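Q: attaching a predicted model along with its sequence, questions to come.
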Amino acid sequence: MKLRGLVTVLIVLIALAGFAADQPGVMPAPPEHTPPGLMPSPVQPGQLPTISIDEVKAGQKGYGLSVFSGSQPERFEVEVVGVMRNLRPETSYILARLTGKGLERSGVAAGMSGSPVFLDGRLAGAVAFSWPFSQEAIAGITPIATMRSLSTAPSMMPVTPPPPVELAALASGHLPKDLLERELARMQPQFLEGAQSSVSWATTGFGALSQGFLRRALGSSMPAGRAAPAAAGAAPDLPLGGSVAAVLVEGDFQLAAVGTVTDRYGDHVLAFGHPFLGLGTVRVPMAPAEVVTVLSSQNTSFKISNVGDVVGAFEQDRQAGIEGRIGQTAPMIPLALRITGAGDTKPRDFHMRIAEVPQFTPMLVGSSLLAGLDSTSYSAGAQGLDMVAHFRLKGRGDLEMRQSFDGDNAGTEAATYVLALAGYLTNNQFEKVQFESIAIDLSQSPQPRSATLVGAVADSTVVHPGDRVTLNLDLAAWRGERFRRSLRVDLPQDLPAGRYSLVVGDGASIDATRFALEPAAPVTFAQAVRLLGSLHSRRDLIVLGIYAGPGLSVSGETMPRLPGSVRSLWSAAASGSAAALRTTIAQEVRQEMDVPVDGLVKVDLEVRRREPVAGDAPAAPEGSTDGTVASSAPPVGHGIDHGKGGR
């Protein structure tokens, strides 16, 4: 009897315990060593009880949950220091001192962003930020009420992309040397003056140079590994206090921001307690992460993490944190990178997927290119690079771009060029562009190869329409002797009498000259793509034939050699939409060189017609300015020094 009664009592106690555990609002504070797997995991909105910021007082004690090793959350202690109220409209933070789990030594570690904090057994909010070089683990905590209203909460100041690089700058290759680093720095939204977010940037596959760029721009960027794949059919493991990552690049290279899950109900996940990129509505892949260890630093300690496979997508990125759903997908752009290193017989292939975030996609593509060079051989030091890039645009087909780079910064210049090109496409003013895929081939040489074009002489300077002119070009090899190349140019049959100039140079310099002589800003995306497709490589030696011939630039198109009466009528009717042109580009001759070329020279010819034709313009006298040749133009056969590098 006694045994039967004891069993009955135990059954009743177990049933009551189960009943209590099922009641909304019942969440006892776990003891110091509660097994992490027993932490409650909400299954519907509002199941976890919360405490409002008005109930928070200095001196209150509680606990938080975060991962310090492995994938299971562990408890740390919390004591409220005070409340920072109304730092901006409807924005307040709790300040608290964190202890336990080595936080007295490490301070608040990057990667703790989003760690849930409980006061009086109720969810108070998420660890969001700290201060560098702090001697205590003092953290700012975002109230949970603000985080739970993310989808309706105001965003940060709108994150607008920088204006796209001008076509003329893309054509010439004269791009800002710090463009890549500036774009990377935009990934750190400033949400509180002097404080820094407690997110940790995790990278995989990036080498010394590319990792250095990331670290300078993002602060806490550290190499990371890959988490072991989850068992087939296993449910995603993202408990409260578990590590979670917002993934921007995945594949052979990886870039992700690692933080902590603050709240979860059903398939909804709240994390970080601060903005990720500050974009408002967004679609970025979500993945679980595991922590290898916490590394203490006098500046900012951080978690070293492994990032797992994508299990969902973040959809809100606002001042109070990020929100996503397990099982959702975020669009990503396939990126294939093939690099043939110096002396390699077999190329190295890399495959990544890039988050489709127009404000940052160009930077992600450029960073991945630099990471590929780091991984294959080297990205810094004297070298030469030949690049072929294919951008497959939805509804527009394939855009192929070729360019060569030489010098100590060839790798960075190639990454910057791709960034600027992708930035022009994604942030153009005409229409939204979607990349179906991007493929980049790079061929690396162990040293620069550029030959400088220093002069040109024509075999005859008095010519007739239709004549063949031979140009003898003088070039200086990189750290080598001078050499000569000959180039034959067949003049157009309809050239008018007068001065005719042949401008000879590398593809980039000639493209810049062409844009200067015939400025025709595109007014449609189709025109922009056509202009991009017309750009030349520095391996192209180009000859432009130009003469004084007034025309018009109208709606992105050029109309050279128009009669004066037509130009007057058009200008009057177009109400300023037409721009006058003072020169005509009569021909373009291209010859591919075995090495890249640098430089620009001009040869002046005098065209005489065999038989006078009515309407021929007389030859322009020496020293006149006709829009083609300046009064200070150098003599025939002398080069115009445009400098080296920059492309």
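A: Yes, it's here.
Q: shouldn't T416 be within a helix?
A: Yes. Per DSSP: H, G, I helix; E, B strand; the rest coil, T416 lies within a helix segment.
Q: what about it, how many neighbours?
A: The local packing of T416 (other Cβ atoms under 10 Å) involves 25 other residues. C-betas here are computed from N, CA, C, even on glycine.
Q: make sure it is actually in contact with K177.
A: Yes. At 7.5 Å, T416 counts as touching K177 under the criterion of Cβ atoms under 8 Å.
Q: what's the pLDDT at the residue nearest the centre of the chain?
A: Centrality entry for the chain: nearest residue to the mean C-alpha point is M363, 1.2 Å, by Cα atoms, centre = their mean. pLDDT for M363: 90.
Q: partner strands of the helix or strand hosting I322 and their direction?
A: Using DSSP states H and E, I322 sits within strand 321-326. As defined by DSSP bridges, the strand partners of strand 321-326 come to strand 268-271 (antiparallel), strand 312-318 (antiparallel).
Q: next SSE after the first one?
A: Toward the C-terminus, strand 268-271 is succeeded by strand 280-295 as the next helix or strand (DSSP H and E).
Q: tell me which residues of that next one are tucked away?
A: Of all the residues in strand 280-295, those buried under the rule 16 or more other Cβ atoms under 10 Å are G280, V282, R283, V284, P285, M286, A287, P288, A289, E290, V291, V294.
Q: ramachandran angles for the residue nearest to the centre of the chain?
A: phi -70, psi -40 (degrees, to the nearest 10).
Q: enumerate every residue touching it.
A: L180, E183, L184, R186, M187, L419 (Cβ atoms under 8 Å, 6 or more residues apart in numbering).
Q: distance of it relative to M593?
A: Counting by Cβ to Cβ, to the nearest Å, the gap from M363 to M593 is 32 Å.
Q: so which of the strands paired with strand 321-326 is the most surrounded?
A: strand 268-271 (a mean of 26; mean count of other Cβ atoms under 10 Å).
Q: could you count how many residues lie near R468?
A: Neighbours of R468 using other Cβ under 10 Å come to 11.
Q: surely A185 meets A217?
A: Yes. Taking Cβ under 8 Å as the definition, A185 is a contact partner of A217 at 4.4 Å.
Q: show me which of those two is the more surrounded one.
A: Comparing A185 with A217 by other Cβ under 10 Å, the one with more neighbours is A217, at 20 against 15.
Q: what's the pLDDT at the more buried one?
A: A217 is given a pLDDT of 73.
Q: pull stretch 357-373 out as CSV, backbone CA atoms only.
A: Extracted in CSV, the C-alpha atoms of stretch 357-373 (Å, rounded to 0.1, in the frame of the first residue of the first chain):
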residue,chain,number,x,y,z
VAL,A,357,21.4,43.5,-51.8
PRO,A,358,21.8,46.3,-54.5
GLN,A,359,23.4,48.7,-52.1
PHE,A,360,26.2,46.3,-51.3
THR,A,361,26.3,43.6,-54.0
PRO,A,362,29.0,45.4,-56.0
MET,A,363,31.3,45.6,-53.0
LEU,A,364,30.8,41.9,-52.3
VAL,A,365,31.7,41.0,-55.9
GLY,A,366,34.9,43.1,-55.7
SER,A,367,35.9,41.7,-52.3
SER,A,368,35.4,38.1,-53.5
LEU,A,369,37.7,38.8,-56.5
LEU,A,370,40.4,40.1,-54.2
ALA,A,371,39.9,37.0,-52.0
GLY,A,372,40.3,34.8,-55.0
LEU,A,373,43.7,36.3,-55.8
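Q: all helices for the stretch 501-647 of the chain, in order.
A: Ranges of helices within the stretch 501-647 of the chain are 507-517, 525-533, 564-574, based on DSSP state H, counting those that start in this stretch.
Q: worst mean pLDDT among those helices?
A: Among those, helix 564-574 carries the lowest mean pLDDT (a mean of 50).
Q: where does the prediction get shaky in the stretch 201-350 of the chain?
A: Where the stretch 201-350 of the chain drops to pLDDT under 70, the residues are 219-220, 231-233, 235, 342-345.
Q: er, the stretch 451-600 of the chain actually
A: 550-581.
Q: which residue ranges of it form strands?
A: 451-458, 462-463, 468-476, 482-490, 498-506, 540-554, 557-559, 578-592, 597-598, 600-607 (DSSP state E, counting those that start in this stretch).
Q: out of the ones you listed, nearest to L98?
A: strand 597-598 (57.6 Å; Cβ to Cβ).
Q: hmm, who's touching that closest one?
A: Contacts of strand 597-598 (Cβ under 8 Å, 6+ apart): 450-453, 475, 505-506, 509, 538-539, 541, 644-645.
Q: in those, find the pair that's most separated.
A: Checking the contacts of strand 597-598 with Cβ to Cβ, the most distant pair is L541 and G645, at 18.2 Å.
Q: okay, those two: which has more neighbours?
A: L541 (26 against 17).
Q: my guess is that one contacts L487. True?
A: Yes. At 6.9 Å, L541 and L487 qualify as touching, with contact defined as Cβ under 8 Å.
Q: D494: which of the strands paired with strand 321-326 is closest?
A: strand 312-318 (59.8 Å).
Q: what helix or strand does the nearest residue to A195 once chain neighbours are set aside sit in?
A: Distances taken as Cβ to Cβ, 6 or more residues apart in numbering put F129 closest to A195, at 4.3 Å, once the chain neighbours are dropped. If you go by DSSP H and E, F129 is part of strand 122-130.
Q: need the residues that contact the next helix or strand after that strand.
A: Next in sequence after strand 122-130, counting helices and strands by DSSP H and E, comes strand 138-143. If you take Cβ under 8 Å, 6+ apart as the criterion, strand 138-143 is touched by 52-53, 81, 84, 92-98, 108, 112, 117, 124-131, 192, 195, 198, 273-274, 320-321.
Q: give me the buried entries from those.
A: Going by neighbour count (16+ other Cβ under 10 Å), these have 53, 81, 92-94, 96-98, 108, 112, 117, 124-131, 192, 195, 198, 273-274, 320-321 buried.
Q: how about stretch 474-481: buried residues?
A: Going by 16+ other Cβ under 10 Å, stretch 474-481 has these buried residues: D474, L475, A476, W478.
Q: list the contacts for the last one?
A: What it means is W478. Counted by Cβ under 8 Å, 6+ apart, W478 has contacts D406, Q447, P448, R449, S450, A451.
Q: quick check: it vs V597, distance?
A: 11 Å.
Q: between the contacts of M363, which sits nearest A586?
A: When those are compared against A586 (criterion: Cβ to Cβ), the nearest one is L419, at 35.5 Å.
Q: so who does that closest one touch?
A: L179, L180, E183, P362, M363, V365, G366.
Q: am I right that the fourth one sits in a strand?
A: Put plainly, it is P362. No. Looking at P362 with three-state DSSP, it is helix, so not inside a strand.
Q: pretty sure it contacts T416?
A: No. Using Cβ under 8 Å, P362 is not in contact with T416; the gap is 10.2 Å.
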